[in-house]
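Model the following, please.
(chains A and B)
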Amino acid sequence: MKLPSHWSASGWLVVLIMATLGMQYLERFFRWVAPGQRQVIYQRDDFLSLMLNHASLVGLASIVAITIGVGTGILVTRAWGRDFLPTVSLIASVGQTFPPVAVLALCVPLLGFGAGPVILSLILYGLLPIVRNTLAGIGDVEPAVIESARGMGMSGTQILWQVEIPLAFNVILAGIRTSVTINIATAAIGSTIGARTLGDPVIAGLINNNIAYTLQGAILIGLLAVTVDRLFEVVQSVSTRR
Amino acid sequence: MAAPEPTRKNTVLIVLAASALAGLWLLDFSSIQPNRIVPGISQNLFAAAGTALSVVLSIMLAALVLLGLWSRSRRLVAAVVIATAGLCLLPWLLVSVSLNQLTDDQPSARIGLGAAFWLLLFLLSLMLVECWQRVNLDVHWRLIAMAAVIGSWSWAYSSGQLEALGLLREYHSRSGQFHQALRQHLLLVGGAVGCSLVLGFALAVQILRRPRWQEPVLNVLSFFQTIPSLALFGLLIAPLSYLSNQWPWLQQFGIRGIGWAPAVLALIGYSLLPIVRNTWVALSEVSPGVVDAARGMGMSPAQVFIQVRLPLSLPVLLEGVRITTIQAIGLTAVAALIGAGGLGTFIFQGLGQAANELILLGALPTIGLALLADGFLTAAIQWLRQRHLSTSLTAQATAP
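Have a look, this model is predicted:
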């Protein structure tokens, strides 16, 4: 017995919104969690602005990563770009071996502290699964299908938009889902290099030895990731049905 | 798909070599810091390492561009040789920087690595792989090329002239801590992967026997994978510290809210999915015909499992171990935030002190470990696959 995906997604979304807005009213619960702390609700920022900032960092980086990633995947599968296919697919698969936190850390010597290096590392790392899945999706389209489209008099651009992209769409979408999931996690660690995200309460709690702060940040990060993942599930199930 | 007509122009090689050449001229190769605190002065290769070596490297890169313009498979072998030589030359450029720029009266001066250095390392490696794939170079030659590069780097290191590198200065000032962190890192990864291998294998066998459990188990495990590492670590701290406060004897084993306990638990949570999924797929893909044949030969169920099913599913199972290990190496670096130790300690210490070289001391070995684990396990999987192929081919050949 399984709930339809849009029910589960809306449920998670409601919980996420309620938790973001209502976390500050759970003081009694957090007093029980962290007895002996003078302050048990993270005060330096309100949770809503941290949530919005976290989501917009990931959203911005993902839009750039999708544009560049899908673009690259398309370019190297055209006849004139095919020379670059082995190199690009090598970079995409070896790059995914690199731990995200290491990529994040290596952006600091390049760009210093703040949101900039976080966005750069989210883009760089987010590209890899998207490129890889775009290549796999377009590569899986049967040559016979393309031949018959060409036989029907379609141009190269028409074949790309009306045949290859629709057929590869689900695989590309799965790549985007992986990319966004990883980026939500990496953005949280981005707190350590000065980006304002939901990682802030977690880190503040770890530094000040305040379990309540850490728990508040962790709950919201977890909820954000699960909600976004369920939303992707809805999009995927809609697009498979078509 | 038909193989493309061999073209005389290798665009990839041209683009990579030309970018390397441009990077070499335009970007900073290294920087000199009088000590750890003062910001460094950046220099390009010509200023830093002297004209002679810079010209040699430029000629090599220009030769690669030319080889790309008029490429033929025999000429691409020359490109492999030049790219290998370039990678061998890199550490000696740093030696030259050290000899040219540092004098004996600056014992704490340090050399930082600039963008041009990393770009050259990246592009030369890409060109090497691109060319040896294009000419289908024999594995032995590939290994010889890699051995040459590693040999050249070790030789440059043993010359003692690289000691002024900021990275090595950071290493030497805390080599004890570094080795301890490396050990902790390996122990955490090994412990988590080992535990989840045992647990995951048991779970996979269970859901193979009870298909009804299959969906809920895989759903729960993929739910774990969705939760960001920092969140899962954070969520585990509260219950674990509650437990250790209730039963203080747990603290004697190091089970507390922070430290290795939440780290290992979270790592196992993440590691289970690839292992369970791959084991389950691998075991269910063994064809019933093979199992029947083994039973027909009088094997007991246990024998069938150990002598037939397990060896046949080993490559796919190992693929799960590979994914898990790489993931665990990266997540363990994050676990330094909750006091679990490991190489991540240097990353976050470096971030706290804005000390770039200390960040590198944590990040580069982490990447190195991941690449090593990937290379080793991929090679093992390929070896197993080939062995299977050859044994099944001989079995077919000898079959009546």
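
which SSE is the spatially most central residue of chain A in?
Most central in chain A under CA atoms, centre = their mean is residue A:180, positioned 1.1 Å from the mean C-alpha point. Here residue A:180 sits within helix A:165-189, counting by DSSP states H and E.

go on, residue B:42?
Assessed by DSSP H and E, residue B:42 sits inside strand B:41-43.

just the helices in the stretch 51-200 of chain B please.
B:51-69, B:73-101, B:115-134, B:139-158, B:166-173, B:175-209 (DSSP state H, counting those that start in this stretch).

Ok, which of the ones you listed comes nearest residue A:106?
helix B:115-134 (9.0 Å; CB to CB). Where you see a C-beta, it was placed from the backbone N, CA and C, and this is true even at glycine.

Between helix B:73-101 and that closest one, find me the angle.
160 degrees (axes from the mean of the first three to the mean of the last three CA atoms, to 10 degrees).

Tell me what angle helix B:115-134 forms with helix B:139-158.
Using the same axes, to 10 degrees: helix B:115-134 against helix B:139-158 is 160 degrees.

The helix holding residue A:180: what's the following helix or strand?
helix A:199-208.

neighbouring contacts of that next one?
When contacts are defined by CB atoms under 8 Å, 6 or more residues apart in numbering or on different chains, helix A:199-208 is touched by residues A:42, A:44-45, A:47, A:50, A:54, A:187-192, A:210-218, A:220-221, B:230-231, B:234, B:258, B:337-338.

Could you rerun that using 7 Å?
Applying CB atoms under 7 Å, 6 or more residues apart in numbering or on different chains, the external contacts of helix A:199-208 come out as A:42, A:45, A:50, A:188-192, A:211-214, A:216-218, A:221, B:230, B:234, B:337-338.

Please report how far the most far-flung residue of chain A relative to its centre lies from residue A:78.
In chain A, the residue that sits farthest from the middle, by CA atoms, centre = their mean, is residue A:151; the gap is 39.3 Å. Separation of residue A:151 from residue A:78 (CB to CB, to the nearest Å): 19 Å.

again with residue A:168
14 Å.

More neighbours: which of the two?
For residue A:168 versus residue A:78, the count of surrounding residues by other CB atoms under 10 Å in any protein chain shown is larger for residue A:168: 24 against 13.

Next up, the contacts around the more buried one.
Residue A:168 neighbours (CB under 7 Å, 6+ apart): A:134, A:137, A:138, A:141.

now residue B:203
Residue B:203 sits next to B:217, B:276 when contact means CB under 7 Å, 6+ apart.

Same question for residue A:228.
A:180, A:184.

how close does the nearest residue to residue B:346 once chain neighbours are set aside get to residue B:350?
Excluding the flanking residues, the one nearest residue B:346 by CB to CB, 6 or more residues apart in numbering or on different chains is residue B:362, at 3.1 Å. As defined by CB to CB, residue B:362 lies at a distance of 6 Å from residue B:350.

which one of the two has more residues nearby?
A count of neighbours by other CB under 10 Å puts residue B:362 above the other of residue B:362 and residue B:350, at 27 against 22.

pretty sure that one contacts residue B:347?
Yes. The pair residue B:362 / residue B:347 is scored as a contact, 3.6 Å apart, by CB atoms under 7 Å.

Spell out which residues of chain B are next to chain A.
Neighbours of chain A within chain B, by CB under 7 Å from any CB of the partner chain: B:1, B:4, B:11-12, B:126, B:129-130, B:133, B:226-231, B:234-235, B:237-238, B:241, B:257, B:326, B:329-330, B:333-334, B:337-338, B:344, B:347-348, B:351, B:356, B:359, B:362-363, B:366-367, B:370-371, B:374.

The same query, at a cut-off of 6 Å, please.
B:11-12, B:130, B:133, B:226-231, B:234-235, B:237-238, B:326, B:330, B:333-334, B:347, B:351, B:356, B:359, B:363, B:366-367, B:370-371, B:374 (CB under 6 Å from any CB of the partner chain).

For chain B, give me the ranges with low pLDDT.
Applying pLDDT under 70 to chain B flags the ranges B:1-8, B:391-400.

Got the domain ranges for it?
B:11-166, B:175-398 (automatic domain parsing).

what's the first-to-last distance across the first one?
Spelled out, that is domain B:11-166. Using CA to CA, to the nearest Å, the end-to-end distance of domain B:11-166 comes to 37 Å.

How far away from the center of its chain is that domain?
Computed by CA atoms, centre = their mean, to the nearest Å, the chain-centroid distance of domain B:11-166 equals 21 Å.

And the residue of the stretch 301-400 of chain B closest to chain A?
With CB to the nearest CB as the measure, residue B:330 is the residue of the stretch 301-400 of chain B nearest to chain A, at 2.7 Å.

Quick check, that residue in contact with residue A:97.
No. Counting by CB atoms under 6 Å, residue A:97 is not a contact partner of residue B:330; they are 9.1 Å apart.

so what does the helix of greatest length in chain B touch, helix or strand wise?
Ranked by residue count and defined by DSSP state H, the top helix of chain B is helix B:356-398. Packing contacts for helix B:356-398, counted by 3 or more CB pairs under 6 Å, 6 or more residues apart in numbering or on different chains; DSSP states H and E, involve helix A:100-111, helix B:166-173, helix B:310-335, helix B:344-353.

show me what contacts residue B:279?
B:201, B:204, B:317 (CB atoms under 6 Å, 6 or more residues apart in numbering or on different chains).

and it, how far is that from residue B:267?
With CB to CB as the criterion, residue B:279 and residue B:267 are 18 Å apart.

got it, and residue B:243?
From residue B:243 to residue B:267 the distance is 18 Å (CB to CB).

Please apply the same query to residue A:93.
For residue A:93, the distance to residue B:267 - CB to CB - is 23 Å.

Looking at those two now, which is surrounded by more residues?
Taking neighbours as other CB under 10 Å, residue A:93 and residue B:267 compare with residue B:267 leading, 28 against 14.

Which strand or helix spans that one?
helix B:260-285.

got the angle between that helix and helix B:175-209?
Using the same axes, to 10 degrees: helix B:260-285 against helix B:175-209 is 40 degrees.

Could I get the buried residue list for the helix or strand that helix B:260-285 is followed by?
Reading on from helix B:260-285 to the C-terminus, the next helix or strand found by DSSP H and E is helix B:288-296. Residues of helix B:288-296 classed as buried by neighbour count (16 or more other CB atoms under 10 Å in any protein chain shown): B:291, B:294.
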